[in-house]
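1. Dropping the sequence and predicted coords here.
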Amino acid sequence: MPAPLVARKGRHLQRYENQLRLVAGCIPYKIIEKPDNQSGDLINRVEVLMISSPGRHDFVFPKGGWETDETACEAACREALEEAGVRGIIDEIELGNWVFRSKSSQGTCSQEGGCRGHIFALEVTEELDYWPEQKMHGRKWVALEEAYALCRYDWMREALDLFRIYLFSKPVPPVSGLYEPPKFCISTSAERVIASC
């Protein structure tokens, strides 16, 4: 029997930069097949995974401390596993980074409690039945548009905006059941669909 997964604890390896605690996280996502979506519209086929926190009704993306013995991508993957129970393929180019206050210091005006979060896109390939922080974090797959309404913080909505742009820079996966391949491509510079490329 494999050993149970255990979450890291403590901050003795925590990275800091200019008095900001460095954190890494991700927007876990999957592209689902929808038989009623014959147009192949990618945005309507994407779901993102959000997690809850104890005593809160809003949601966040998995994120946590970036430690000295790991890269930002490794930290983001570890947090996705610990908090949301998922594994996947991470894009090593970050969506962006944001400075924000930790939830424990939201009401203070001091320099302490500031964080710089580095956020990545993670295509989920495995969803575990049990994960280390399951008792603290529920998980919920939602449509991209619903995620905007559920986000606890504005910076997470900004990350979703960049995630949408990221999606349009990827090749469009085919929709099974279509008899001919789609006759379009995506131009990232103009961020629009161009017919008959």
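-> Happy to help now that I have it. Numbers count the residues shown, from 1 in each chain.

2. Report pLDDT for Glu160.
-> Let me fix one detail, which is that residue 160 is Leu and not Glu. The confidence metric pLDDT takes the value 97 at Leu160.

3. residues touching it, list them.
-> By C-beta atoms under 8 Å, 6 or more residues apart in numbering, the contact list for Leu160 reads 27, 48, 144, 147-148, 151. No exception for glycine: its C-beta is placed from N, CA and C like everyone else's.

4. Repeat that for Cys26.
-> Applying C-beta under 8 Å, 6+ apart, the residues near Cys26 are 61-63, 76-77, 79-80, 90, 119-122.

5. Just send these back as a markdown table, with distance to Tyr16 and secondary structure too.
-> Shown next, in a markdown table, are the contacts of Cys26 (distance: C-beta to C-beta, whole Å; DSSP: H, G, I helix; E, B strand; the rest coil):
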| residue | distance to Tyr16 | secondary structure |
| --- | --- | --- |
| Phe61 | 22 | coil |
| Pro62 | 21 | coil |
| Lys63 | 16 | strand |
| Ala76 | 18 | helix |
| Cys77 | 21 | helix |
| Glu79 | 17 | helix |
| Ala80 | 22 | helix |
| Ile90 | 23 | strand |
| Ile119 | 18 | strand |
| Phe120 | 20 | strand |
| Ala121 | 25 | strand |
| Leu122 | 24 | strand |
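
6. Would you list the phi and psi of Trp98?
-> According to degrees, to the nearest 10, the main-chain angles of Trp98 amount to phi -130, psi 150.

7. Please, where are all the strands along the chain?
-> In the chain, the strands defined using DSSP state E lie at 16-17, 20-31, 46-52, 59-60, 63-65, 86-90, 96-101, 114-127, 139-143, 184-187, 192-195.

8. got the contact list for the fourth one?
-> Pointing back at strand 59-60 there. Under C-beta under 8 Å, 6+ apart, the answer for strand 59-60 is 50-53, 140, 142, 147, 150-153, 156.

9. Quick one: closest of the strands of the chain to Glu133.
-> strand 46-52 (8.6 Å; C-beta to C-beta).

10. Sheet-wise, list the partners of the closest one with their directions.
-> Using DSSP bridges, strand 46-52 pairs in its sheet with strand 20-31 (antiparallel), strand 59-60 (antiparallel), strand 139-143 (antiparallel).

11. quick one: which of those strands is nearest Val99?
-> strand 20-31 (6.5 Å).

12. how far off strand 96-101 does that closest one point, in degrees?
-> 130 degrees (axes from the mean of the first three to the mean of the last three C-alpha atoms, to 10 degrees).

13. Only the buried residues of strand 20-31, if you could.
-> For strand 20-31, a neighbour-count test (16 or more other C-beta atoms under 10 Å) marks 20-31 as buried.

14. Let's have these in JSON lines, adding pLDDT.
-> Below are the buried residues of strand 20-31 laid out as JSON lines (pLDDT from 0 to 100):
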{"residue": "Leu20", "pLDDT": "94"}
{"residue": "Arg21", "pLDDT": "94"}
{"residue": "Leu22", "pLDDT": "96"}
{"residue": "Val23", "pLDDT": "96"}
{"residue": "Ala24", "pLDDT": "98"}
{"residue": "Gly25", "pLDDT": "98"}
{"residue": "Cys26", "pLDDT": "98"}
{"residue": "Ile27", "pLDDT": "98"}
{"residue": "Pro28", "pLDDT": "98"}
{"residue": "Tyr29", "pLDDT": "97"}
{"residue": "Lys30", "pLDDT": "96"}
{"residue": "Ile31", "pLDDT": "92"}
